[in-house]
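Asker: Structure for the following, please:
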Amino acid sequence: MNLRMTGISKSFGANLVLDDVSFFLGSGEIVALLGENGAGKSTLMNILGGVLPADSGSIEIDGSAVSFSSPRESLDAGIAFIHQELNLINDLAIYENLFIGREIRSKWGILDKKTMIGRTEEIFSQMGISLDPEAMVRTLDASYKQIVEISRAMLMDARIVIMDEPTTSLTETEIDRVFSFMRSLKAAGVGIIFISHKLNEVMEICDSYTVLRDGHMVSSGSIGSVTADMLAKMMVGHDVIEEKRASHACGDIVLSASGLSDGRNFSDISFSVRSGEVVGFTGLLGDGRSELFLSVFGAGTQHTGTIEIDGKPVSINNPWEAIEHGIGYVPRNRKENGIVKDLDIIENGSLVTMKSRKKGIALDIRRIEEDFRKEQADLSIKMGAETDPITSLSGGNQQKVVLAKWLSAGPEILILDNPTQGVDVGAKEEIYAIISRLADEGVSVIVLSSEAHEIVRTSSRCYVMYHGRILTELEGDDLNEHEIMRWATGAAI
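Answerer: Residues are numbered from 1 along each chain as shown. Down below sits the predicted model:
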């Protein structure tokens, strides 16, 4: 199935989001659709997916003009859209999520649970996935929720599949499995539109690319004709900084741990962090680092061992006690744990300090606004009105609001779990600059990330974890992607 979109334009009021954009996808081709958050990628795909109407332009499938007024019409035409926002219902079983809206019934009109479970097992077997179809979705972590989304699209027998950041929460093994399945789909003539900010993945899996910037198509061509650096420059319009963080003098140890264990996720963990230092914790997904620091922050499992702040033992039993000790925590899953979708921008950006911003029994609205506007300026948050929904912002700007929420409390220690997940190249660089500035101001920053490049880019020292334990500490010339991956995969043991 060949797809051609020509001269697509779309405005929201006075805001021109797409301006005369064209896009082509051939049968059995994997095309990367690239651009910063806000470049127009999602809007273009929402038009193809029948979510939004175009103001002008045309769509052709196999040479015939088509238009979609609903997602159902797009799906009926053979187009499946795996959205970045997971569209799963936590209180339903996996198989029920896969067949929602397309339930199989017996000739008597009764739901055919056995057949639906059997079909679910078939698709899981094809993808090499070990999941119980009757397990509740709420019991799955983010990576398996993404796999369920992909499996649902596979069940639709689509000829065009749109994948919007499908690997964001997946482990390396799961990514390899998905890529293998994508290659099988490609061999079967299925066209795939792959939206990702991970340019190394784009170079590995895609045949061609289209880059959008500020609603315009700036380039398209064969992946073999470009490098990842060239694509990054096209996306942001300038060269992307790649140097390591420069080492500088740090102060005294402000946070240390000795022999931390929770009996399940991490064991015998000892580390230290100095004031003004950026320390990385890395490994493969599932290595225990998130669970470790949730526990340190008082939001995870109970642990044994000792935590000291400024040389004094402390007991932190909940996040409010962590905040009182000067610790802030930006969680790894922004959508589920970082923002409150039903609140507006300033409310999200003030959640941590709101409790202390009062005049008598009433909130000190003026001070809350002043605090947030300072952080908005410092973090260069691009937004409309403060009272707009938080969901109106791009992923990168949502992440900055989450940062603003914690920075307004003036933390001495800031834990950032996967700080650039789901944000574009330009926003990553801005967040890296914020991390560097905070360290220069004396804040101790702990960066948790599976991306070796990100650890090298941000940290002056890092601990590599493997199966819940720290295997090594790297710094100086030893702090490089090769060494990180040797230890993270267990190859150096």
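
Asker: could you pull out the helices for the stretch 51-200 of the chain?
Answerer: Along the stretch 51-200 of the chain, the stretches classed as helices by DSSP state H, counting those that start in this stretch are 71-76, 94-99, 113-127, 142-155, 172-187, 199-205.

Asker: Tell me the strands beside the least confident helix or strand in the chain by mean pLDDT, with direction?
Answerer: In the chain, no helix or strand scores lower on mean pLDDT, DSSP states H and E than strand 358-359, which sits at a mean of 76. Partner strands and pairing direction for strand 358-359 (DSSP bridges) are strand 362-363 (antiparallel).

Asker: Which SSE is immediately downstream of the partner strand?
Answerer: helix 365-379 (DSSP states H and E).

Asker: between whichever helix or strand comes after that following helix and helix 365-379, how big is the angle?
Answerer: Per DSSP H and E, helix 365-379 leads on to helix 395-407 as the next helix or strand towards the C-terminus. Here the directions of helix 395-407 and helix 365-379 differ by 130 degrees (axes from the mean of the first three to the mean of the last three C-alpha atoms, to 10 degrees).

Asker: Helix 395-407: what's the following helix or strand?
Answerer: Following helix 395-407 toward the C-terminus (DSSP H and E): strand 413-417.

Asker: Identify the residue nearest Leu86 in space, chain neighbours excluded?
Answerer: Lys145 (5.3 Å; C-beta to C-beta, 6 or more residues apart in numbering). All C-beta spots, glycine's among them, are computed from the backbone N, C-alpha and C.

Asker: which stretches of this protein have low pLDDT?
Answerer: 37, 84-85, 127, 142, 168-171, 238-249, 285 (pLDDT under 70).

Asker: how far out from the middle of the chain is stretch 440-455?
Answerer: Here the centre of mass of C-alpha atoms in stretch 440-455, compared against the chain's by C-alpha atoms, centre = their mean, to the nearest Å, lies 16 Å away.

Asker: What residues of that stretch count as buried?
Answerer: By neighbour count on 16 or more other C-beta atoms under 10 Å, the buried set for stretch 440-455 is 443-452, 454-455.

Asker: Domain map for the chain?
Answerer: What automatic domain parsing lists as the domains of the chain is 3-236, 253-488.

Asker: Out of the helices of the stretch 51-200 of the chain, flag the one nearest Ser315.
Answerer: Among the helices of the stretch 51-200 of the chain, helix 142-155 comes nearest to Ser315, with 30.0 Å by C-beta to C-beta.

Asker: what does that closest one rub up against?
Answerer: 80-83, 86-88, 94, 97-99, 102, 119-120, 123-124, 126-127, 129, 131, 137, 140, 161, 163, 166-171, 174, 178, 181, 185, 285, 333, 336 (C-beta atoms under 8 Å, 6 or more residues apart in numbering).

Asker: Report the buried members of these.
Answerer: Buried among these by 16+ other C-beta under 10 Å: 80-83, 86, 88, 94, 97-99, 119-120, 123-124, 127, 129, 131, 137, 140, 161, 163, 166-170, 174, 178, 181, 185, 285, 333.

Asker: Around Gly191, how many other residues sit close by?
Answerer: Other residues lying near Gly191 total 25 when counted by other C-beta atoms under 10 Å.

Asker: measure it to Glu29 for me?
Answerer: Relative to Glu29, Gly191 is positioned 5 Å away (C-beta to C-beta, to the nearest Å).

Asker: Pull out the buried positions in stretch 255-271.
Answerer: Neighbour-count burial for stretch 255-271 [16+ other C-beta under 10 Å]: 255-257, 260-262, 265-267, 269, 271.

Asker: Next: stretch 194-207.
Answerer: 194-199, 201-203, 205-207.

Asker: Just the CA coordinates for it, please, in PDB.
Answerer: The C-alpha coordinates for stretch 194-207 follow below in PDB (Å, rounded to 0.1, in the frame of the first residue of the first chain):
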ATOM      1  CA  PHE A 194       8.300   5.500  12.700                       C
ATOM      2  CA  ILE A 195       8.300   8.600  14.900                       C
ATOM      3  CA  SER A 196      11.200   8.700  17.300                       C
ATOM      4  CA  HIS A 197      13.700  11.100  18.900                       C
ATOM      5  CA  LYS A 198      16.200   8.200  19.200                       C
ATOM      6  CA  LEU A 199      18.300   8.800  16.100                       C
ATOM      7  CA  ASN A 200      20.400   5.700  16.600                       C
ATOM      8  CA  GLU A 201      17.300   3.700  16.300                       C
ATOM      9  CA  VAL A 202      16.200   5.600  13.200                       C
ATOM     10  CA  MET A 203      19.600   4.900  11.600                       C
ATOM     11  CA  GLU A 204      19.200   1.200  12.400                       C
ATOM     12  CA  ILE A 205      15.600   0.400  11.400                       C
ATOM     13  CA  CYS A 206      14.500   3.000   8.800                       C
ATOM     14  CA  ASP A 207      14.800   3.100   5.100                       C
END
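
Asker: For Asp344, which residues are in contact?
Answerer: Applying C-beta under 8 Å, 6+ apart, we find Asp344 in contact with 386-390.

Asker: and the gap between it and Thr391?
Answerer: 10 Å.

Asker: contacting residues for the closest residue to His83 other than its chain neighbours?
Answerer: Nearest residue to His83 in three dimensions, chain neighbours excluded: Asp164, at 5.6 Å (C-beta to C-beta, 6+ apart). The contact partners of Asp164, by C-beta under 8 Å, 6+ apart, come to 41-42, 45, 81-84, 195.

Asker: The same query, at a cut-off of 7 Å, please.
Answerer: Asp164 sits next to 42, 45, 82-84, 195 when contact means C-beta atoms under 7 Å, 6 or more residues apart in numbering.

Asker: what's across from it in the sheet?
Answerer: Counting by DSSP bridges, the residues bridging with Asp164 are Ile195.

Asker: That'll do, ta.
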